[in-house]
Every structure is written in C-alpha cells, then in structure tokens.
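Engineer: the following block contains a protein sequence and its predicted model.
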Amino acid sequence: MPGATPLAPACSPPLRVLIVDDHDLARAGLRALLATEPGISVVGEAGDGAQALEACHSQRPDVVLLDVRMPGMDGLTTARALKLAHPRIQVLIVTLHANPEYMLEAFRVGAAGYVLKHASRGELVEAIHRAGRGERLLTQALLIQTLQQLGTIPAPAPADLADRLTPRELEVLRLLAQGRTNRQIGQCLGISPGTAKNHVERILTKLGVSDRTQAAARAVEWGLLR
C-alpha cells in the first residue's frame, strides 16, 4: 500500500472506529496511534468477541479493527457474527499472523482487509479510510496468492452454476472479483452503474453471500478467473 495518508474531506464526519484486541497494550497502542489522525475517531474498545458485538450495537462504528487470536470467540468467528448482525460495518483484521488460512477465512466472512501489525501508520490509516469508503483491500491477486500458498486447487464450479447465474452475471462476477467498482463494471460492459449494481446484488443473493469480497472468493475458488 502507498505510504501517503489520505485525508477525509473536511465536511465529512470522522470515521467511527472500534478497536478489538485481548491485549490492553495493543489496544492502547492503536488508540494512541489514531488519536491525532484527521478524519478518524476511536469510539470504543473491546477485549473479546462478545464485548465487540455489544460495542457494535451500542456505538455503531463504521470500521472495526479486529485481532484474530482472542480467547473465547476468536476474531474470525467474531467477524462472521458481526457481518451478519451489522452488514454495513466494515471489518479490518489487524494481526501479527501472516497466515494464508486466516487470510482466506477473512475473505470468506466478509472482512474488508487484512493488515499486519507491523504495517506502518500510513498503511493502517489508509486501510481504515478505504474500508470506510466501502472499498475492499482484498484483491484478486492476493486471493490467488493465498490459495496458491495453501496449495488449494480451485474447486470446480457447481454443476448448476449456469442455472444460478446468467451469462451477464458471470461477466459481472469476474469483473467484481478483479476489484472493479460498479462504475468500472458498467464501463466494461456498456451498462449503467445502476444496472451493474443490480447485477451485483442479484449475484450476492444467488451465491448466498453478504458482500462483494465473499463473492470474489467464491469466483477464485471455482477457478472462474483462470
């Protein structure tokens, strides 16, 4: 990620951030790092998954910084439950572990990004702003790299995929998995951004997933991007 820190527009309210980590010092470090950052407001902390879900209900953060390894409900289980309860809240996994299995599961449960704790302040801040804008930091290249690290051979697409998705929806899914926005998908296919958005929403419903990242993970796993 580029090192430059993007600034939120002056007229925009600050992004509300919740920090979830079972280590007091880790939470204090993240809070101190973000305390003077324009456009970001830390609205709460939680030490485990149950506390995180309660805080999300009461504080309504825009972005949750979530550790992976926590006692009781781990970070990935928490992320799944959080996305089911609050689909609009964006989750950034912030961890010491560059574990491809964790990364792949993060994609599957709908995390917006996977950030290592040794990332620079600028990288973390950029990731928060991008997540707050609804962008995904989980690119096709990273998905494929993760699958390769796991030695995973893409599973064959379901036999009824042609019944689930129309040819146009398959085209949209491939572009979505490349990280294209609705506007870019529309430009590629000669359709309006609104029509592209409608296609994306139907794809999510048909695949039984909650967001674009999960749909992209399915596309990669099924070998649709080869």
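Structural biologist: Right, received. Where do you want to start?
Engineer: surely D211 and V109 touch.
Structural biologist: No. The criterion here is Cβ atoms under 8 Å, and D211 misses it with V109 at 9.6 Å. The way it works is simple: take the backbone N, C-alpha and C, and place the C-beta from them, glycine included.
Engineer: which of these two has more neighbours?
Structural biologist: V109 (25 against 19; other Cβ atoms under 10 Å).
Engineer: sorry, back to before: what touches both of D211 and V109?
Structural biologist: Residues touching both D211 and V109 comprise K83, with contact defined as Cβ atoms under 8 Å, 6 or more residues apart in numbering.
Engineer: got the CA positions of stretch 188-203 in CSV?
Structural biologist: C-alpha atoms of stretch 188-203 as CSV (Å, rounded to 0.1, in the frame of the first residue of the first chain):
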residue,chain,number,x,y,z
CYS,A,188,-16.5,-2.5,-19.3
LEU,A,189,-19.9,-4.0,-20.2
GLY,A,190,-21.6,-0.9,-21.7
ILE,A,191,-24.2,-0.7,-19.0
SER,A,192,-25.1,1.9,-16.4
PRO,A,193,-23.6,1.8,-12.9
GLY,A,194,-27.1,1.3,-11.5
THR,A,195,-27.6,-1.7,-13.8
ALA,A,196,-24.2,-3.0,-12.7
LYS,A,197,-25.2,-2.6,-9.0
ASN,A,198,-28.4,-4.5,-9.7
HIS,A,199,-26.5,-7.4,-11.2
VAL,A,200,-24.1,-7.4,-8.2
GLU,A,201,-27.0,-7.5,-5.7
ARG,A,202,-28.6,-10.4,-7.6
ILE,A,203,-25.2,-12.3,-7.7
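Engineer: per-residue pLDDT, S120?
Structural biologist: pLDDT recorded at S120 is 87.
Engineer: just N99 next, same as before
Structural biologist: 77.
Engineer: ramachandran angles for it?
Structural biologist: phi -100, psi 120 (degrees, to the nearest 10).
Engineer: report the contact partners of the closest residue to it other than its chain neighbours.
Structural biologist: Excluding its sequence neighbours, the residue lying closest to N99 (Cβ to Cβ, 6 or more residues apart in numbering) is V68, at 7.9 Å. When contacts are counted by Cβ under 8 Å, 6+ apart, V68 touches D74, G75, L76, I93, T95, H97, N99, Y102.
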